[in-house]
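J.: just coords:
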């Protein structure tokens with residue numbers, strides 16, 4: 001009997017310790033946004049258990065962090081799921097968790113899942129999609145919008161991306177994992193800055209998106225442009241904007257990075273080659289430094305837009321392209 005009482009006491013103490021640990025961490029309050037880009041505070045009183053990810057970026061982020069078990073629904077693929085995460089994604093899809101492949105799921109579909117957390121782009125919370133986050137929060141459904149999705153936050157750069165990781169770490173009580181990720185990212189940036197500081201002058205660069213014979217240049221106040229700066233470049237057109245071929249000639253950047261979206265039925269290699277060809281095959285650009293020296297790089301837009309796990313590797317890839325031997 002004494003042994004039984006002792007065992008019960010041990011179990012009770014263990015349960016009490018778990019409950020105390022839970023109460024010590026929660027509630028957690030993060031600063032996020034609504035559709036109007038206004039800051040809002042969202043409080044989580046427990047670790048989310050039924051999460052809807054409105055976009056591929058959010059799904060990949062949770063899969064990368066080992067949070068497969070909490071995903072109740074996932075939607076809107078912009079392209080191919082990252083290869084190392086594809087088995088996890090396919091397992092969830094086979095379990096019926098793939099709500100849509102293109103476009104957002106209806107509000108009714110999401111309501112039926114009874115999520116306690118919706119993780120998404122700002123555009124997912126438009127009136128004709130999932131609606132106002134205040135309504136979801138009042139239902140007890142936490143929400144989080146990635147800071148750089150749809151240019152939501154005032155400052156959109158790698159620090160903003162890492163702040164998203166910190167929020168997810170707090171929400172799911174996995175700060176040891178996300179803190180390590182953030183520390184590694186900051187160490188990489190420190191390494192890049194140290195190497196660039198030894199140069200007589202950093203390379204000038206722009207990142208552009210071809211359309212209808214012209215080009216859109218991302219400004220350095222967008223995440224896409226800011227990542228190029230994080231990679232060690234001097235941005236040739238901080239204000240961004242539409243560019244003609246003649247404009248690019250006048251800018252004469254040392255490096256041109258071209259973004260593209262996956263084209264259905266076309267291999268990744270072909271997509272990259274086609275993007276590079278929009279610059280390299282333009283006869284009027286032959287004397288531009290980037291073209292003359294073969295410094296034209298293609299990146300998938302998914303790798304440099306919005307945030308998530310693809311941003312840090314993209315910074316490293318751009319740095320290696322610009323300054324690698």
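T.: Yep, it's here. Just so you know, these numbers come straight off a predicted model, no measurement behind them.

J.: in which helix or strand does residue 256 reside?
T.: Per DSSP states H and E: residue 256 is located in strand 255-260.

J.: check the offset of that strand from the chain's centre.
T.: Relative to the chain's own centre, strand 255-260 is displaced by 18 Å; criterion: CA atoms, centre = their mean, to the nearest Å.

J.: how about stretch 68-77?
T.: Offset of stretch 68-77 from its chain centre (CA atoms, centre = their mean): 15 Å.

J.: can you list contacts of that stretch?
T.: Stretch 68-77 is contacted from outside by 47-56, 58-59, 62-63, 88-89, 91-92, 97-105, 109-110, 113, 115, 117, 172, using CB atoms under 8 Å, 6 or more residues apart in numbering. No exception for glycine: its C-beta is placed from N, CA and C like everyone else's.

J.: which stretches in the stretch 1-150 of the chain count as strands?
T.: Using DSSP state E, counting those that start in this stretch, the strands of the stretch 1-150 of the chain run over residues 28-33, 39-44, 51-53, 71-74, 117-120, 142-145.

J.: need the buried ones from the contacts of stretch 68-77 selected in PyMOL.
T.: Remark: buried members of these, expressed as a PyMOL selection using 16 or more other CB atoms under 10 Å:
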select buried, resi 47+48+51+52+53+54+55+56+58+59+62+63+88+89+92+97+98+99+104+105+110+113+115+117+172
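
J.: longest strand in the protein, by residue count?
T.: The longest strand of the chain (DSSP state E) is strand 204-211.

J.: the strand holding residue 256: partners in the sheet, and parallel or antiparallel?
T.: Neighbouring strands of strand 255-260 in its sheet, by DSSP bridges, are strand 204-211 (parallel), strand 296-300 (parallel).

J.: who touches it?
T.: Under CB under 8 Å, 6+ apart, the answer for strand 255-260 is 203-210, 218, 224, 228, 233, 248, 271-272, 274-276, 278-279, 288, 290-291, 295-301, 304-305, 318, 321-322.

J.: of the contacts of stretch 68-77, which belong to helices?
T.: Within the contacts of stretch 68-77, residues falling in helices by DSSP state H are 56, 58-59, 62-63, 88-89, 91-92, 109-110, 113.
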